[in-house]
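Novice: Whatever this is, show me its structure:
(one chain, ligands or ions: 3)
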Amino acid sequence: MEEVVVLIVGAGPSGLAVSNCLSHLSIRNIVLEREDYCASLWRKRSYDRLNLHLAKEFCLLPYMPHASSSSTFMSRKSFLEYIDSYISRFGIEPRYCRSVEEGSYIENERKWRVEARNTSTQEKEVYMAQFLVVATGENSKGFIPELPGLDGFEGKTIHSSEYKSGKDYENKEVLVVGCGNSGMEISYDLSNFGAHTSIVIRSPLHVLNKEMVYVGMLLSKYVPMTVADAVMTFLGKHWYGDLTRYGIRQPAKGPFYLKVESGKTPIIDVGTVKKIQSGDIMVLPEIVRINGNNVVFQNGVVKRFDGIIFATGYKSTANYWLKDYEYILNKEGMPKRPCPHHWKGENNIYCAGFSKQGLAGIARDSVAIANDINEVLNGIKGKTKLN
Ligand SMILES: Cc1cc2nc3c(=O)[nH]c(=O)nc-3n(C[C@H](O)[C@H](O)[C@H](O)COP(=O)(O)OP(=O)(O)OC[C@H]3O[C@@H](n4cnc5c(N)ncnc54)[C@H](O)[C@@H]3O)c2cc1C
Ligand SMILES: NC(=O)C1=CN([C@@H]2O[C@H](COP(=O)(O)OP(=O)(O)OC[C@H]3O[C@@H](n4cnc5c(N)ncnc54)[C@H](OP(=O)(O)O)[C@@H]3O)[C@@H](O)[C@H]2O)C=CC1
Ligand SMILES: O=C(O)C(=O)Cc1c[nH]c2ccccc12
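Specialist: Residues are numbered from 1 along each chain as shown. Ligands and ions are numbered 1, 2, ... in the order given. Next comes the predicted model:
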């Protein structure tokens, strides 16, 4: 058994940022990571052509700006280089191959007891922590909906987190389910690799491009969000025109408003819309059922597919291992309290990276958490600041 001041579970951007902010306040902490590398989402659970959708200045972790030589919209590879240099620059040493399997609050000791399995030795390790930070991510596990007949589908099905590129799909009939940024970009990639691509779009969505969002981000520093939303919506409409006839309806609420209210991200188009307009990518409505290799859609269309890619989002898994999750999370493993009060629970438990506000949200969470722990331990308020 090992006593620690702060135990952080997960060495993604959130866990690393919290660790660094605490170390700047000289607060001892340990980071546990189930893989034998950090930032598993960016390293192993994303596709080849992934780039940051937001300009690099909105994708920073505390204490380290991006190199001036890196491009405004960084590639996955250069973002990973940033993460790797963050670790080495600040001497963060996550304990790898530690899969956290249980966490519970020990009332009489006022400590968090955390059990991890060392996946290289198979030994169990026990930690007793004064503070526990959950940083296992809101994108911890791919979500695949239950659809009638899916079990009997004879082709290949994967979740978007397993998709790398369209190279194995040339000339295949492929259905992408889900029209978030993953689904839209994967459809584009599949089509570039010569797959006959269809995408299920069931809800209204905002379509913008990265430049429009950049303008919106800059504007929202100076004007109310409603104004930034109006400008982006105008630009989007002007650039793309009315997309209703292609099966894309626009929501009534603005793109930033929706992001803040529900975490729903606008589509940051990489060229998919043009392929939809030209007929290279077919838009289909919600799935009714699956019969063998045939998929039946709400509009009566029945179409045969060789493969389905589920870009249907993610779930948190924190509620699986954290027994006493109710001090901070709901049964879905997401914060009980709405943003911006989501990061702090009862009995010295915190969560970082659960605000659905991307890397900027992670940076804010980690500063808030480190400052709060510092205040509880030392009575010092608001010492750590954002970049
Ligand atoms: C495809 C994709 C692209 C994105 N692009 C952007 C973008 O461009 N800009 C932006 O601002 N945001 C983006 N995001 C948002 C994204 O959530 C963040 O970029 C970020 O990776 C989240 O960091 P995190 O540390 O909270 O979670 P993760 O990156 O998921 O890290 C969590 C870590 O915890 C580990 N872990 C999980 N369970 C356990 C356990 N039981 N025991 C031990 N370790 C565990 C995991 O292995 C992982 O390394 C994107 C998200 C996705 C899915
Ligand atoms: N380059 C980048 O920066 C990228 C960033 N990302 C980000 O990662 C996060 C996760 O994105 P993503 O993986 O796209 O997940 P999202 O949760 O954003 O999107 C999931 C999509 O699946 C749809 N869906 C869910 N269930 C069904 C169903 N049964 N039938 C049909 N459609 C369904 C949802 O539709 P509905 O709205 O109707 O529920 C939604 O369109 C987002 O914040 C996104 O912006 C992702 C890719 C690239
Ligand atoms: O891409 C993501 O998942 C993000 O959460 C990044 C992000 C944070 N705030 C935004 C507002 C508009 C578009 C993307 C984002």
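Novice: close enough to count as contact, Gly345 and Cys351?
Specialist: Yes. Gly345 lies in contact with Cys351 (CB atoms under 8 Å); the separation is 7.2 Å. The C-beta positions use only the backbone N, C-alpha and C, and glycine is treated the same way.
Novice: Comparing these two, which residue is more hemmed in?
Specialist: Set Gly345 next to Cys351 and count neighbours by other CB atoms under 10 Å: Cys351 wins out with 31 against 21.
Novice: mind listing what the more buried one touches?
Specialist: Val133, Val134, Ala135, Ala318, Ile328, Leu329, Pro335, His342, Trp343, Gly345, Asp365 (CB atoms under 8 Å, 6 or more residues apart in numbering).
Novice: excluding its backbone neighbours, what's nearest the fourth one?
Specialist: This means Ala318. Once flanking residues are discounted, Ala318 sits nearest to Gly333: 4.2 Å by CB to CB, 6 or more residues apart in numbering.
Novice: tell me the secondary structure for the one you found?
Specialist: Using DSSP: H, G, I helix; E, B strand; the rest coil, the structure places Gly333 in coil.
Novice: where does it land on pLDDT?
Specialist: At Gly333, the model reports a pLDDT of 98.
Novice: Then Gly379?
Specialist: pLDDT for Gly379: 88.
Novice: and if you look at Gly382?
Specialist: pLDDT, Gly382: 68.
Novice: again with Lys385
Specialist: Looking at Lys385, the pLDDT reads 67.
Novice: Count the neighbours of Glu286 for me.
Specialist: Residues near Glu286, counting by other CB under 10 Å: 13.
Novice: That one and Val200 touch, don't they?
Specialist: Yes. In this structure, Glu286 is within contact of Val200 by CB under 8 Å, at 6.5 Å.
Novice: Now do the shared contacts for these two.
Specialist: Common contact partners of Glu286 and Val200 (CB under 8 Å, 6+ apart): Phe297.
Novice: do stretch 319-333 and ligand 2 meet at all?
Specialist: No. Residues of stretch 319-333 contacting ligand 2 under CB under 6 Å from any ligand atom: none, with a closest distance of 13.1 Å.
Novice: what about that stretch, how long is it end to end?
Specialist: End-to-end distance of stretch 319-333: 5 Å, with CA to CA, to the nearest Å as the criterion.
Novice: Give the buried residues for that stretch.
Specialist: By 16 or more other CB atoms under 10 Å, the buried positions in stretch 319-333 come out as Asn319, Tyr320, Trp321, Leu322, Asp324, Tyr325, Ile328, Leu329, Gly333.
Novice: near ligand 1, which residues of the stretch 51-200 of the chain show up?
Specialist: Counting by CB under 6 Å from any ligand atom, the residues of the stretch 51-200 of the chain that sit close to ligand 1 are 52-54, 59, 98-100, 135-137, 139-140, 182.
Novice: got the CA positions of stretch 146-153 in CSV?
Specialist: What follows is stretch 146-153, C-alpha atoms only, in CSV (Å, rounded to 0.1, in the frame of the first residue of the first chain):
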residue,chain,number,x,y,z
GLU,A,146,-28.3,-1.3,-30.2
LEU,A,147,-30.0,-1.6,-33.5
PRO,A,148,-32.5,-4.3,-34.5
GLY,A,149,-30.7,-7.0,-36.5
LEU,A,150,-27.2,-5.6,-36.0
ASP,A,151,-26.0,-9.0,-34.5
GLY,A,152,-26.9,-10.6,-37.8
PHE,A,153,-25.0,-8.1,-40.0
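Novice: State the mean pLDDT of it.
Specialist: For stretch 146-153, the mean pLDDT works out to 97.
Novice: How about stretch 365-375?
Specialist: Confidence over stretch 365-375 (mean pLDDT, whole number) is 97.
Novice: Return the subset of the buried residues of stretch 319-333 lying in helices.
Specialist: Among these, the residues falling in helices (DSSP state H) are Asn319, Tyr320, Trp321.
Novice: Among those residues, which one sits closest to ligand 2?
Specialist: Closest approach between these and ligand 2, by CB to the nearest ligand atom: Asn319, at 17.9 Å.
Novice: what about the residue nearest to the closest one when sequence neighbours are not counted, distance to ligand 3?
Specialist: In this structure, Asn319 finds its nearest non-sequential neighbour in Gly333, 3.7 Å apart by CB to CB, 6+ apart. Plainly put, Gly333 is 18 Å away from ligand 3 if you go by CB to the nearest ligand atom, to the nearest Å.
Novice: now do Cys179
Specialist: According to CB to the nearest ligand atom, Cys179 and ligand 3 sit 14 Å apart.
Novice: Number of residues surrounding that residue?
Specialist: Each residue near Cys179 was counted by other CB under 10 Å, and the total is 23.
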